[in-house]
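> Here is a sequence with its predicted model. Questions after.
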Amino acid sequence: NYLIIWWGVTIINESVPPEWRSQKLTIQKVAMMKLSLRRGLEGIMLASMAGCGAFLFALLGTRGASKDMALVVGWSGLAAGILCLISEIYTVTKLRRLRRRSTVSVAPAAAPEELVEGCSWSYCLLSCLVSTIVLVLGIIQTLNPHEQIEALVYFILPIACLGLVMSVFMRPRDNRQLKACHAQFTIFVIAEMANAAKQFRLGVNKIGWISLVRIPFWLLAYWLALKMREVVAQRALAEISELLCFILRSFAGGVASILFFTFEAVSCWAQDEGLEHVGEGSPCLNSLFSATYLSSYTAIILSASIIRKIVPYKERDTVLTYDVLAIMKLKWMQYLQALLMTMGALASMYLFSSLGVKGFYNRRNLDIGNIGLLAVVLYFLVEIVMLLAEVHQGRRPAKAGSKLRMSAIDSARRFDVGHFT
């Protein structure tokens, strides 16, 4: 039914020529939130239907799943899709009626492409809200440990990480928004410290120390990201607009992947026990940790892709293509990146194999997840350092006989780890 509604919305939308519409929906307008109320509500309804569909897909093939839960989610998504379909039919009918009343046909002038200097503050507020929710839940979990709250924190944390990276770059020339980024990162660090305090209080010292050790890496990553933000602020407006649209698309794709992993983990509990049994001893605890680590890997790798987009290929001297990769003619930092990504890929495959599968709690999943997380974070840091070195080197006068720059190389030959997410 969801697919039929989606096809119906697409067909109805395409039945009207684009020039009939007074305002075309573009990624630039979405970034600046220059949308009508009807368009905004229609987008929310489509996103709700997609989320309900992903959750039902996770329940597909599971035994003992709650029938009431499936019915509530299914009917909610169906209602959202039908409302979206009705809205699109109303819009098309209105456009056709206005077209028939018009006696003079005037060719619309080609509107210039709208450039995005900064995304809407709505995205900043939403990102700060998610980080604040993580902090509040973390503090509640520290004072009064609760299994459901702990699972909710694990599910939301990767989205908060991706939102923080998005906040750093969404308004690169706005100093007021930079203060909001500092506040958001402070909230993120406090939440990490609250998690460490909770683990020490429960006697799980190993996980507590791991949480504390992660904080210096987050500080270093945030400092380097601010350096890259300065590079973005010096770019031309057209390059900034292209980057912000890319960030918005990456964020949407990243959230979709994270929701897929989350729903796969939730479907494990929805089979027999229900969501009230998520603590220690639950046969779905392995699935919870696997989903959390896979979501974190996705957020960090997409963040590395966003960082890589800041420095255009035409300004780079070090070029990583499949040709260079085949003959292993790499620099030592590229060898290090290859090693780290191999470790992250192996950890991802191991964790993905236990996603949604019931079984006794295996502490090996936690160890492998932490190793993979460390590898992916180090890859992210190395990527930023290499790009900052490229920017610094690019400000020097070009030497005679320099290497072929990336603009002369076919994009199909470029190697980008973001393609594998």
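That came through fine. Numbering: from 1, shown residues only.
> Tell me how many other residues surround residue 68.
Residue 68 has 8 neighbouring residues, counting by other CB atoms under 10 Å. In short, each C-beta sits where N, CA and C put it, glycine included.
> any idea which helix or strand carries it?
If you go by DSSP states H and E, residue 68 is part of helix 67-101.
> Check residue 35 too.
Using DSSP H and E, residue 35 sits in no helix or strand.
> Then residue 46?
In this structure, residue 46 sits in helix 37-59 according to DSSP H and E.
> What distance do you get for residue 123 to residue 42?
Residue 123 sits 19 Å away from residue 42 when distances are taken as CB to CB, to the nearest Å.
> close enough to count as contact, residue 31 and residue 120?
Yes. With contact defined as CB atoms under 8 Å, residue 31 counts as touching residue 120 (6.9 Å).
> With neighbour numbers in mind, choose between these two.
Applying other CB under 10 Å to residue 31 and residue 120 shows that residue 31 carries more neighbours, namely 22 against 18.
> just the helices in this protein please.
Counting by DSSP state H, the chain forms helices over residues 2-14, 27-32, 37-59, 67-101, 121-143, 147-170, 175-202, 205-233, 237-269, 285-310, 322-327, 332-353, 363-394, given from the N-terminal end onward.
> Tabulate those helices (TSV), appending mean pLDDT and distance to residue 115.
As requested, the helices of the chain are exported to TSV (pLDDT from 0 to 100; distance: least, CB to CB, whole Å):
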stretch	mean pLDDT	distance to residue 115
helix 2-14	77	25
helix 27-32	76	7
helix 37-59	78	20
helix 67-101	79	27
helix 121-143	80	17
helix 147-170	80	15
helix 175-202	83	18
helix 205-233	84	14
helix 237-269	82	4
helix 285-310	84	16
helix 322-327	64	33
helix 332-353	84	33
helix 363-394	82	22
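> which one of the ones you listed is the most hemmed in?
With neighbours defined by mean count of other CB atoms under 10 Å, none of the helices of the chain is more surrounded on average than helix 285-310, at a mean of 24.
> Distance of the residue nearest the centre of the chain relative to residue 239?
Closest residue to the average C-alpha location of the chain: residue 254 at 2.9 Å, with CA atoms, centre = their mean. Relative to residue 239, residue 254 is positioned 22 Å away (criterion: CB to CB).
> again with residue 301
With the distance defined as CB to CB, residue 301 ends up 23 Å from residue 239.
> try residue 385
Remark: distance between residue 385 and residue 239 (CB to CB) = 22 Å.
> What lies in contact with stretch 168-187?
Identification of contacts with stretch 168-187 by CB atoms under 8 Å, 6 or more residues apart in numbering yields 117-119, 121, 123-124, 127-128, 131-132, 134-135, 164, 167, 218, 222, 225-226, 228-229, 232-233, 240, 243-244, 247, 306, 310.
> Can you give me every residue that contacts the residue nearest to residue 261 when sequence neighbours are not counted?
Residue nearest to residue 261 in three dimensions, not counting chain neighbours: residue 291, with 4.3 Å by CB to CB, 6 or more residues apart in numbering. Contact criterion CB under 8 Å, 6+ apart gives 154, 155, 261, 262, 264, 265, 355 as the residues in contact with residue 291.
> so what's the fifth one up against?
Contacts here follow CB under 8 Å, 6+ apart; on that basis residue 264 touches 58, 287, 291, 355, 356.
> so the second one makes contact with residue 268?
Yes. Using CB under 8 Å, residue 287 is in contact with residue 268, at 4.5 Å.
> how near is the residue nearest to the centre of the chain to residue 131?
16 Å.
> can you check residue 223 too?
Distance check for residue 223 against residue 131: by CB to CB, it reads 18 Å.
> Could you do residue 295 as well?
Spatial separation of residue 295 from residue 131 under the definition CB to CB is 16 Å.
> Same question for residue 160.
As for residue 160, its distance to residue 131 is 5 Å (criterion: CB to CB).
> what sits in contact with each of the two?
Jointly contacting residue 160 and residue 131 under the rule CB under 8 Å, 6+ apart are residue 188.
> who's in contact with residue 41?
For residue 41, the residues meeting the contact criterion (CB under 8 Å, 6+ apart) are residue 87.
> ok, it to residue 385 distance?
Residue 41 is 44 Å from residue 385, where distance means CB to CB.
> Then residue 228?
The span separating residue 228 from residue 385 equals 11 Å under the rule CB to CB.
> And residue 339, by the same measure?
Look at residue 339 and residue 385: by CB to CB, they are 16 Å apart.
> Then residue 166?
Distance of residue 166 to residue 385, computed by CB to CB: 21 Å.
> got it, and residue 80?
Following CB to CB, the distance that separates residue 80 from residue 385 is 45 Å.
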